[in-house]
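**Student:** Make a model of this:
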Amino acid sequence: MTPLSTQQSDDLTAAVKEKYGAAARRVLSGEGVPAECCGSSGCCGGAATASCDPISSNLYVSGETDALPEAAVLASLGCGNPTALAELREGEVALDLGSGGGIDVLLSARRVGPTGKAYGLDMTDDMLALARKNAADAGVTNVEFLRGRIEEIPLPSNSVDVIISNCVVNLSGDKQRVIAEAFRVLKPGGRFAVSDVVVQGELPPDVKRSMELWVGCVAGALSDAEFVKLLSDAGFENASVEVTRTYEVEDARAFLVNTGVDADRIARDVAGRIGAAFIRATKSAVAPVKPKSSRTCGCADDCCT
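**Tutor:** The predicted model follows:
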């Protein structure tokens, strides 16, 4: 997928901030479920408790979120459960790209225990405020929420054991950079374990042009082949995509209606071709061996002329 132009990327960033900031403000104000969840572009914009949302509903097993603040659950806008996928271990450092209200960071903190740490990264101030409040309300101390963009992760290289994310990579206008940054901050042997929306084949042009559907996790979704190629090109090994939920006609209509496209027609076109998936990859535990130089100065053969 070709990165968006600078203007397109800036417009997308602003739209994402507005939509997800508004969702956080609704939760913080006590309104809870966004009013437009049912019957609009609710995907990734609805709430976990909103059974009407075909993408963000029913993601966590029974009892898994019982100990979390209600606001963390209400602000869950993902499409999977990356904390289960990641197989987190005691003492590990986890990073959630696009952490939103913090539900996956709090669940990760529980899994890595007091000797580990869970970071959340988000560019939306309202979501960061909500996530920090949720962490305080939950009494969880081994977490830290960072302000920033997933294309420029504010952490040192080789500092994270596991990267998780929940339906956020698709929102970026420069996914190649997101994957490159993920590779940079992972330690050797580190794991990339995210949930995201993927497509099979090409989306209709009017879907791809819709900003509303981009911020709703559909228009910017990669195909499984594109995801694997981006990960492999960045240096990851064993990249794979496992589709866990496929959206049929009624699901597609639910996130297409009121988005400016012909929902009934396109729902039939995309049914069975859009789904949620687990995406896995690993960073080699062994640093690449630099080619031996024939130069007496010690420089690589191609470093200078």
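**Student:** show me where the stretch 101-250 of the chain has helices.
**Tutor:** For the stretch 101-250 of the chain, the helices defined by DSSP state H, counting those that start in this stretch occupy 103-112, 125-138, 175-185, 205-208, 211-215, 224-234, 249-256.
**Student:** tell me the most buried of those helices?
**Tutor:** When you average the neighbours per residue for each of the helices of the stretch 101-250 of the chain (mean count of other CB atoms under 10 Å), helix 103-112 leads with a mean of 26. Quick note: C-beta positions are derived from backbone N, CA and C, even for glycine.
**Student:** outside of that helix, which residues touch it?
**Tutor:** Applying CB atoms under 8 Å, 6 or more residues apart in numbering, the contact partners of helix 103-112 are 48, 64-65, 67-68, 72-73, 75-76, 78, 81-83, 86, 88-94, 96, 99, 116-120, 131, 134-135, 138, 140, 142-143, 145, 164, 166.
**Student:** Quick one: buried ones out of those residues?
**Tutor:** The neighbour count (16 or more other CB atoms under 10 Å) marks 48, 64-65, 68, 72-73, 75-76, 78, 81-83, 86, 88, 92-94, 96, 99, 116-120, 131, 134-135, 138, 140, 142-143, 145, 164, 166 as buried among the contacts of helix 103-112.
**Student:** got any ranges where the protein has weak pLDDT?
**Tutor:** For the chain, the stretches flagged by pLDDT under 70 are 1-2, 32-63, 75, 209, 211-212, 214-216, 287-305.
**Student:** Geometric centre of it: which residue is closest?
**Tutor:** Note on the chain: the residue nearest the mean C-alpha position is Val168, at 2.7 Å, using CA atoms, centre = their mean.
**Student:** Redo the helices of the stretch 101-250 of the chain as CSV? Include distance to Arg25.
**Tutor:** CSV is the format used below for the helices of the stretch 101-250 of the chain (distance: least, CB to CB, whole Å):
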stretch, distance to Arg25
helix 103-112, 17
helix 125-138, 5
helix 175-185, 26
helix 205-208, 28
helix 211-215, 16
helix 224-234, 32
helix 249-256, 22
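**Student:** Mind checking these for the one nearest to Ser29?
**Tutor:** For the helices of the stretch 101-250 of the chain, the distance to Ser29 is smallest for helix 125-138, at 10.4 Å, taking CB to CB.
**Student:** Could you write out the alpha-carbon coordinates of the closest one in CSV?
**Tutor:** Only the C-alpha atoms of helix 125-138 are listed here, as CSV (Å, rounded to 0.1, in the frame of the first residue of the first chain):
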residue,chain,number,x,y,z
ASP,A,125,-4.9,13.8,24.7
ASP,A,126,-8.4,12.8,25.8
MET,A,127,-7.7,9.1,25.4
LEU,A,128,-4.4,9.5,27.4
ALA,A,129,-6.3,11.3,30.2
LEU,A,130,-8.9,8.5,30.2
ALA,A,131,-6.3,5.8,30.2
ARG,A,132,-4.3,7.4,33.1
LYS,A,133,-7.6,7.7,35.1
ASN,A,134,-8.4,4.1,34.4
ALA,A,135,-5.0,3.0,35.6
ALA,A,136,-5.3,5.0,38.8
ASP,A,137,-8.8,3.7,39.4
ALA,A,138,-7.6,0.1,38.9
